[in-house]
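In: Whatever this is, show me its structure:
(chains A and B)
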Amino acid sequence: METVPLTDLAAVIRSKNAGPYELTVDILFKNRDDYEFMKEINYFDRKLFARLYGIGIDKIIALVHFDPASAIKCTMVRPVISGSPGDTDVYGAQQHAPILGLKVPAPVPRKSSVIIR
Amino acid sequence: MRNAGYKVLSPTAILGYGFPEKSFKAGVESRPDCIAVDAGSTDPGPYYLGAGKSFTSRAAVKRDLEFMLAAAMELSVPCIIGTAGGCGAREHVEWNESIIREIARSKGYSFRMAVIHADVSGEDAARALRLGKLHPLHPAPEIDEEEIAKSIRIVAQMGAEPVIKALEMDCSVILCGRCYDPIPFAAPALKRGFDPGLAVHMGKILECASIAATPGSGSDCVMGSLYEDCFELESLNPQRQFTAVSTAAHTLYEKTDPYRLPGPGGTLDLMETRFEGLEGGRVRVSGTGFIASDPYTVKLEGVKSAGFRTISIAGIRDPILIDSIDSVLDSVTKQVRGDTGFTGALLFHVYGKDGVMGALEPERTRASHELGLVMEVIAPDQEEANTVCSFFRSTLLHYGYPRRISTAGNLALLYSPSDISCGRVYEFNIYHLMEVDDPKSLFPIKVYEVS
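Out: Numbering: from 1, shown residues only, chains lettered A, B, ... in the order given. Below you'll find the model as predicted:
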């Protein structure tokens, strides 16, 4: 299977708190078709994020495909509550790095975008 | 363009983050019906609620408020501030109130001001728990009365109802304690009978001001215009634009699930929301619904003390020590606990290895050629934290690990003094929904004639 670095397809990859008990990561695609392709093959699922972060699938609170922003969002339980003893990232803003290294299936051109003359 | 039924000016993402005077002036010139700002966030962590301090500077908050109050006086429109002082507890509200009074005195303003507190007593929270009206917000754990009693401060996020009440009393400056972020922007519109889905969704974006524009900024002004069937957003700085994507993308920001945004009294439903780019760098949003909850619930936030912290910062450059860092730190921790009998928090943060991601770090095999180390002790009092941290540092400094060649010292200590007392440490211990019969009952409104 042909793969491409996710960083070639994504405009934004970020992490942040969603309240003090949750960590949420967003992947925003540059291009609608690439997003639709990923959604169709269901590449980004709960299992993938559980593996990337080395956590149980029960720690994934939400996995959402958000069409208006061509975006995939995964929200998980913070291992330590924001700012509690042992926390390492109060805002949760530097927890996105494991996603940056992903190689994802190369999107195939969609039928609708193939022009036959 | 149609006449907006309601226009609200959002100067900045957090009161005290500032805004360009030019953008603000452009906003005032288009005559908004309200000037509103959100001043709060839980993002800076539990310290500020626990200590009763603001995470923004007094001078910066005063500067922003001087512009906002001057414009509100000039236009005779309300100026509404949500989550005063960053956390919205009594100390934060009083801090912000003193700034407002100071400005009014020096500028000679007179106005009617509402101050709405949002503190919840431990007894009230415990009573709600006993009545089965206090529920943890997943993934926060269940709590008992003993845990509630440990809370130093508890605040509840108010909905629109107390703010609407203050507007009905003709208050032109409304200073709110802890408040659901969209409310200062949405309350006047809700009072006028606008659709709650659209009014609250507009507030949800405006509370971050220009963060939802492109290029984004936390310190620039936005005008929101609400109509019967949609709302529109416009940057007041021609260098920024709202696009369908920038606005939709912002809906993801800091949220669990962008389709469902819960708040006091109900949930925004974005399943049918449409984001439409318009000419002139504007965006139109429509289709957002609001599902009222029964019973009405408000979110409680509480913090407790976790003790006192002392830290010491050092670097490590010796490759032999870096190779065996995990086992060395493990042995040193055991030795310190054995020597001191200390059972509290003894923590290492190893930058260059897993200092940023901790347990979530997938890279377990590689370490940098140098490591940054933060030794941390949290004890019941500062003196004990200092003592244990001192042991911790000195034990590691001279620890004779296997294959050691460098016998003079294991740490490049960053400072003299090497140890830093950090004071009290707080942690969130309440993050719960409380059922209320009356959305206003928790939020007493005090009305003052300021002159």
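In: hey, let's count contacts and neighbours off CA atoms from now on
Out: Will do.
In: Look at residue 81 and give its secondary structure.
Out: Chain wasn't specified; assuming chain A. coil (DSSP: H, G, I helix; E, B strand; the rest coil).
In: what's the nearest residue to it if we skip its chain neighbours?
Out: Take A:I81 and drop its neighbours on the chain: the residue closest to it by C-alpha to C-alpha, 6 or more residues apart in numbering or on different chains is A:Y21, 5.1 Å away.
In: can you tell me how far that neighbour sits from B:D339?
Out: 35 Å (C-alpha to C-alpha, to the nearest Å).
In: and A:P107, how many neighbours?
Out: Look at A:P107: counted by other C-alpha atoms under 10 Å in any protein chain shown, it has 17 neighbours.
In: so it touches A:K39, yeah?
Out: No - applying C-alpha atoms under 8 Å, one finds A:P107 not in contact with A:K39, separated by 10.8 Å.
In: ok, now which ones touch whichever residue of chain A sits closest to chain B?
Out: Relative to chain B, the nearest point of chain A is A:A18 (4.4 Å; C-alpha to the nearest C-alpha). A:A18 sits next to A:24, A:75, B:254-256 when contact means C-alpha atoms under 8 Å, 6 or more residues apart in numbering or on different chains.
In: now A:L6
Out: Here A:L6 is in contact with A:100-104 (C-alpha under 8 Å, 6+ apart).
In: who in chain A is up against chain B?
Out: Taking C-alpha under 8 Å from any C-alpha of the partner chain as the contact definition, chain A meets chain B at A:16-22, A:24, A:26, A:28, A:52-55, A:61-64, A:66, A:68-69, A:71, A:73-75, A:77, A:79, A:81-86, A:88-91, A:94-95, A:98.
In: can you give me the strands for chain A?
Out: According to DSSP state E, chain A carries its strands in the segments A:3-5, A:10-17, A:22-29, A:60-66, A:71-77, A:103-105.
In: Phi, psi for the residue of chain A closest to chain B please.
Out: For A:A18, the backbone dihedrals (degrees, to the nearest 10) come out as phi -120, psi 80.
In: Find the residue at the geometric middle of chain A.
Out: A:I27 (4.5 Å; C-alpha atoms, centre = their mean).
In: And the pLDDT at that residue?
Out: A:I27 is assigned a predicted lDDT (pLDDT) of 97.
In: Let me know whether it touches A:I72 as I believe.
Out: Yes - with contact defined as C-alpha under 8 Å, A:I27 reaches A:I72; the gap is 5.2 Å.
In: Can you work out which other helices and strands pack against the top helix by length along chain A?
Out: The residue-count maximum for a helix in chain A (DSSP state H) belongs to helix A:32-41. Applying 3 or more C-alpha pairs under 8 Å, 6 or more residues apart in numbering or on different chains; DSSP states H and E, one finds that helix A:32-41 contacts no other helix or strand.
In: follow-up on the earlier one: can you go through the residues of chain A next to chain B and name the buried ones?
Out: Buried members of the residues of chain A next to chain B, counted by 16 or more other C-alpha atoms under 10 Å in any protein chain shown: A:16-22, A:24, A:26, A:28, A:52-53, A:55, A:61, A:63-64, A:66, A:68-69, A:71, A:73-75, A:77, A:79, A:81-86, A:88-91, A:95, A:98.
In: Let me see the contact set for B:R178.
Out: Contacts of B:R178 (C-alpha under 8 Å, 6+ apart): B:40, B:82-84, B:87-89, B:117-119, B:155-158.
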